[in-house]
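> predicted structure and sequence below. I'll ask about it afterward.
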Amino acid sequence: MPAESGDHPADGGLWSVAVGERDGVTVVSLSGELDLAAVDDLGEALGTALDAGGEGLVIDMIGVGFCDSSCLHALLRAAARARTSGTGFALVAVSPAVIRPITVLQLREMLPIAGSVSEAVAWVRER
């Protein structure tokens, strides 16, 4: 899969997306602030990554400093679509700004979290 990347201005903030592949698994790397201004482009990027196929989808959010509820919803939609198609799905996150809302809202079953891309890829490939 060819790598795609881009920076997206978002109401004074900036976020970026890069798409690549590791061991047959699509890896979408996100960074910056994910808020309402980013949600449409984020949903499109996740949909495109799912359309590309692959053995699974890993969303690398290590570089994300903020993720609001609209972007969590976009992640949930992508996870549900992956699950429906039998595609493995996992997030990579270490920041409390990402992990806390997922944990508090009890979404870890829908949005499984790994501590590294390697760990997430291995987990997705086992599914």
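All right, it came through fine. Numbering: from 1, shown residues only.
> mind jotting down where the strands sit in the protein?
4-10, 13-22, 25-34, 56-67, 88-92, 113-114 (DSSP state E).
> for stretch 112-123, buried residues please.
Buried residues in stretch 112-123, counted by 16 or more other Cβ atoms under 10 Å: 112-114, 117, 120-121, 123. No exception for glycine: its C-beta is placed from N, CA and C like everyone else's.
> ah, wrong one, I meant stretch 76-93
For stretch 76-93, using 16+ other Cβ under 10 Å, the buried residues are 78-79, 81-82, 87-93.
> same check on stretch 26-44?
Here stretch 26-44 shows 26-35, 37-39, 41-43 as buried, counting by 16+ other Cβ under 10 Å.
> what is the nearest of these to Gly20?
Val27 (5.1 Å; Cβ to Cβ).
> can you redo the strands of the chain as a markdown table with distance to Val98 and mean pLDDT?
Formatted as a markdown table, the strands of the chain follow (distance: least, Cβ to Cβ, whole Å; pLDDT from 0 to 100):
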| stretch | distance to Val98 | mean pLDDT |
| --- | --- | --- |
| strand 4-10 | 16 | 50 |
| strand 13-22 | 13 | 90 |
| strand 25-34 | 9 | 96 |
| strand 56-67 | 5 | 96 |
| strand 88-92 | 7 | 97 |
| strand 113-114 | 8 | 97 |
